[in-house]
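Q: sequence and predicted structure, then a few things I'm wondering about:
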Amino acid sequence: MKIIKKEESLYVSKPEGTNVNYYLREEYEFHYNEQVSGSKQKWHHHDKLLETIFIIEGELTVEWKENEDIQKQIVRAGDFIEVENTSHTFTNHTDKSVKFIVIKQVLQGIDKREILKNDKILD
């Protein structure tokens, strides 16, 4: 078992208003983000990885581009987002910080749902 303490993470306070604790691992990346009130992330996308986001607390406006059209939706605590390779941004339109988890992975295109569901051995 490995336990990585918060103080061992790479902390970055981004100028646009997102504070991130990065936990960089060999095959994936995990971050804990807090996006401050009134802030907007820069538009960006990822070419080779899958970015998955889970909102822990608060709500954000997510915007993404589909065929040059900008789509928009509010996401709240408990919502799960698979960004794929879509250009996107998040805006905290509220008066409170929003907390969310980001997992980034480079996938192999293999369906592993059966392993994920059944790989638990009782001791």
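A: Arrived safely, thanks for sending.

Q: in the protein, which spans are helices?
A: 113-118 (DSSP state H).

Q: what residue is smack in the middle of it?
A: With distances taken as Cα atoms, centre = their mean, Val102 lies nearest the centre of the chain, 2.5 Å away.

Q: so who does that residue touch?
A: When contacts are counted by Cβ atoms under 8 Å, 6 or more residues apart in numbering, Val102 touches Glu29, Phe30, His31, Asn33, Glu51, Thr52, Ile53. The C-beta positions use only the backbone N, C-alpha and C, and glycine is treated the same way.

Q: ok, Glu16 next?
A: Counting by Cβ under 8 Å, 6+ apart, Glu16 touches Ser39, Lys40, Gln41, Lys42.

Q: and what of Lys120?
A: Taking Cβ under 8 Å, 6+ apart as the definition, Lys120 has no contacts.

Q: if I look at it, how far off is Thr52?
A: Lys120 sits 21 Å away from Thr52, going by Cβ to Cβ, to the nearest Å.

Q: cool, Ile121 as well?
A: Relative to Thr52, and taking Cβ to Cβ, Ile121 is found at 26 Å.

Q: which of those two has more neighbours?
A: Thr52 (16 against 5; other Cβ atoms under 10 Å).

Q: need the pLDDT of the more buried one.
A: Looking at Thr52, its pLDDT reads 96.

Q: check contacts around the residue nearest to it when sequence neighbours are not counted.
A: Using Cβ to Cβ, 6 or more residues apart in numbering and skipping the chain neighbours, the partner closest in space to Thr52 is Ile103 (4.7 Å). Ile103 is in contact with Tyr28, Glu29, Phe30, His31, Glu51, Thr52, Ile53, counting by Cβ under 8 Å, 6+ apart.
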